[in-house]
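> Below: sequence and its predicted model.
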Amino acid sequence: MKKILLAAVVCISGLTTVKAQVAKGNLFVGSDIGATSYNSGTVTFDYSNGSVQKTNNKKFDLGISPSLGVFVTDHLVFGGSLDVNYSHLKDNITSTAPEGTSSVATSNSSTYSIGPFLRYYFFNTAPSKTLFYVQGLATVGSGSGSTNISHVSPGNNYVNTSNDNNMFLFKANASLGITHFIGKNVGLDVAVGYLYNYEKYTTNFNNQPENGNANSGSVKTTLPENGIGLSAGFHFFLP
């Protein structure tokens with residue numbers, strides 16, 4: 001009987017703790033990991049004329065999204081999020097065609113965006129240690145990037161540099177996730193959802209061949225993207 005009573009007290013205590021953290025007026029502080037990856041591989045293209053082109057690429061991405069919000073009700077969190085992303089890409093391209101071309105392209109970009117979010121937790125009167133939620137997020141921002149290309153082929157060696165300016169970013173995300181409380185005030189989040197990214201920027205380039213006249217110019221690019229994203233992170237629930 002004592003063991004049953006003790007188990008009941010522990011259970012009620014745990015529910016009370018979660019209830020105390022998921023409550024109107026509490027702060028919601030933490031960060032989602034938007035993207036952290038490193039990729040390396042070789043892509044081979046076999047053409048009908050017998051030539052082969054190989055592309056060895058290495059890409060590193062790092063993205064974080066710190067957020068701060070407040071529980072406006074026991075279920076609903078309203079706040080703001082800052083999305084910061086860095087990307088580094090290096091491509092080595094070689095060809096067995098008679099002209100024997102090869103190129104090395106290195107690109108770097110840094111972007112940031114900020115905007116509001118809403119998160120709603122599903123539970124009845126007594127929340128458990130594992131809660132489902134839905135979240136909507138929209139951010140706008142800017143950034144910059146640069147690309148350097150070194151191309152070598154018989155009679156046509158050149159170096160191309162370009163910079164991305166006047167960058168405009170818009171990101172939207174609708175996701176379904178789970179928060180599991182791993183401590184009194186700490187929750188681990190895992191979510192999956194729909195992503196929409198829109199980028200618009202101007203690329204200014206400068207082409208400097210060894211033989212011939214240098215040329216420069218600019219290109220305007222518009223890039224809409226749709227996809228599915230998986231994210232994870234930690235959040236603190238502070239009374």
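Good, I have the coordinates.
> ok, and the closest non-adjacent residue to the residue positioned nearest the centre of the chain?
What sits nearest the mean C-alpha location of the chain, by Cα atoms, centre = their mean, is residue 34, with 3.6 Å. Counting by Cβ to Cβ, 6 or more residues apart in numbering, residue 34 lies nearest to residue 63, which is 3.5 Å off, once chain neighbours are set aside. C-beta here means a position set from N, CA and C on the backbone, and glycine is covered the same way.
> Same check on residue 150?
residue 104 (4.9 Å).
> Hmm, residue 91 and the one you found touching each other?
Yes. Using Cβ atoms under 8 Å, residue 104 makes contact with residue 91 at a distance of 7.2 Å.
> Distance-wise, check the residue nearest to the centre of the chain relative to residue 201.
Computed as Cβ to Cβ, to the nearest Å, the residue 34 to residue 201 distance reads 20 Å.
> any weak-confidence spans in this protein?
Where the chain drops to pLDDT under 70, the residues are 1-19, 35-53, 97-100, 210-212.
> ranges for the helices of it?
Here the chain has its helices, by DSSP state H, at 2-21.
> so where do the strands sit in it?
27-46, 52-71, 76-95, 102-122, 130-152, 158-181, 186-209, 215-238 (DSSP state E).
> one step back: what about the residue nearest to residue 34, how many residues close to it?
Around residue 63 there are 17 other residues, counting by other Cβ atoms under 10 Å.
> distance of it from residue 165?
For residue 63, the distance to residue 165 - Cβ to Cβ - is 22 Å.
> cool, and residue 93?
26 Å.
> Could you do residue 112 as well?
Counting by Cβ to Cβ, the gap from residue 112 to residue 165 is 15 Å.
> go on, residue 147?
Distance from residue 147 to residue 165, by Cβ to Cβ: 13 Å.
> more neighbours, the two?
Just comparing residue 147 and residue 165: by other Cβ under 10 Å the higher neighbour count belongs to residue 147, 18 against 14.
> Give me the neighbour count for the residue lying closest to residue 116 once chain neighbours are set aside.
Leaving aside its sequence neighbours, residue 116 sits nearest to residue 80 (Cβ to Cβ, 6+ apart; 5.6 Å). The local packing of residue 80 (other Cβ under 10 Å) involves 14 other residues.
> Residue 118 now?
Residues near residue 118, counting by other Cβ under 10 Å, number 15.
> Residue 176 now?
Residue 176: 12 neighbours (other Cβ under 10 Å).
> for it, which residues make a bridge with it?
Counting by DSSP bridges, residue 176 forms beta bridges with residue 134, residue 192.
> so who does it touch?
Residue 176 makes contacts with 132, 133, 134, 191, 192, 193, as judged by Cβ atoms under 8 Å, 6 or more residues apart in numbering.
> Of those, grab the buried ones for PyMOL.
Remark: buried members of the contacts of residue 176, expressed as a PyMOL selection using 16 or more other Cβ atoms under 10 Å:
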select buried, resi 133+191+193
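> For residue 30, which non-adjacent residue is spatially closest?
Spatial nearest neighbour of residue 30, chain neighbours left out: residue 235 (3.1 Å); criterion: Cβ to Cβ, 6+ apart.
> Thanks a lot, see you next time.
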